[in-house]
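In: need coordinates for the following:
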Amino acid sequence: MRISIRSKIGLTSTPSLGSGICPSMDLMAGSAMKERWKTKMKDIYKEEILSIPEGVKVEVKARQVTITGPRGTLSKNFRHTEMDIVKLDTARIRLVVWHGKRKHVACLRTIRSLINNMIIGVTKGYEYKMRFVYAHFPINVIIADDEKSVEIRNFLGQKIVMKVPMLEGVTIFHSKDQKDEITLIGNDLGNVSQSAANIQQATTVKNKDIRKFLDGIYVSQKGQLKGADEE
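Out: Here you go, the predicted model:
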């Protein structure tokens with residue numbers, strides 16, 4: 001007659017989690033259930049409150065946010081996001097996500113940061129400074145189209161002229177106190193940073209070892225205008 005181990009120890013039913021028979025197995029099973037619950041768990045209600053400074057006017061209509069300040073007006077469309085954007089009063093904006101998972105809640109904080117960047121843009125503005133780096137052939141940069149585009153000449157001794165237009169609302173000019181430097185300013189952080197990236201990508205060295213050929217135009221400083229701290 002075969003006697004099982006379960007009958008020897010007096011166990012006749014299936015042990016449940018936390019039975020105390022095997023503490024290590026109970027701990028592993030409990031942690032696994034907790035991680036599984038975390039992945040499926042949703043926040044019923046999650047909100048972010050953004051303060052509006054004085055002198056800034058905010059309009060919200062069907063997740064279309066328009067912000068007006070001393071430096072101008074910016075507008076962005078957030079209709080692709082599943083959240084509520086409500087203007088509580090003249091000094092606060094509330095962003096709400098219902099039944100959101102982890103990535104959905106992270107999107108809530110992203111939209112809050114984008115709106116905050118818009119507020120900073122219409123009150124202080126953004127500034128990017130770029131320096132020319134060359135070893136032998138000096139890079140010649142000409143500002144054209146009423147400070148709305150830049151022409152890059154003599155890059156690595158090439159005869160071609162590379163013209164890079166600025167995005168909407170971005171102005172470019174030569175720095176007065178620094179040689180071989182240009183400055184980009186604007187209210188929209190995305191447009192200013194992307195314009196600087198377009199200039200840097202236009203001067204990317206191709207088909208050569210970039211560890212040796214370091215020529216190009218690179219971002220040397222970025223931050224806010226009107227004496228704001230650098231980012």
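In: against which helices or strands is the host helix or strand of residue 113 packed?
Out: Element membership for residue 113 (DSSP states H and E) is helix 102-123. Helix 102-123 sits against strand 43-51, strand 64-69, strand 72-77, strand 92-100, helix 189-202, with contacts defined as 3 or more Cβ pairs under 8 Å, 6 or more residues apart in numbering; DSSP states H and E. C-beta: built from backbone N, CA, C; applies to glycine.
In: buried residues in the longest one?
Out: Just to be clear, that refers to helix 189-202. Residues 189, 190, 191, 192, 193, 195, 196, 199 are the ones in helix 189-202 that count as buried (16 or more other Cβ atoms under 10 Å).
In: these two touch, right, the third one and residue 165?
Out: No: under the contact definition of Cβ atoms under 8 Å, residue 191 does not touch residue 165, with a separation of 11.4 Å.
In: in three-state terms, label residue 212 for me.
Out: Put simply, residue 212 is coil when judged by DSSP: H, G, I helix; E, B strand; the rest coil.
In: surely residue 223 is in contact with residue 124?
Out: No: counting by Cβ under 8 Å, residue 124 is not a contact partner of residue 223; they are 9.5 Å apart.
In: which one's more surrounded, those two?
Out: Set residue 223 next to residue 124 and count neighbours by other Cβ atoms under 10 Å: residue 124 wins out with 18 against 14.
In: and that one, its phi and psi?
Out: The phi and psi torsions at residue 124 (degrees, to the nearest 10) take the values phi -120, psi -40.
In: read off the pLDDT value for it.
Out: Predicted confidence (pLDDT) for residue 124: 95.
In: my guess is it meets residue 187, correct?
Out: No: Residue 124 is not in contact with residue 187 according to Cβ under 8 Å; the separation is 9.0 Å.
In: give me the common contacts of those two.
Out: Residues touching both residue 124 and residue 187 by Cβ atoms under 8 Å, 6 or more residues apart in numbering: residue 71.
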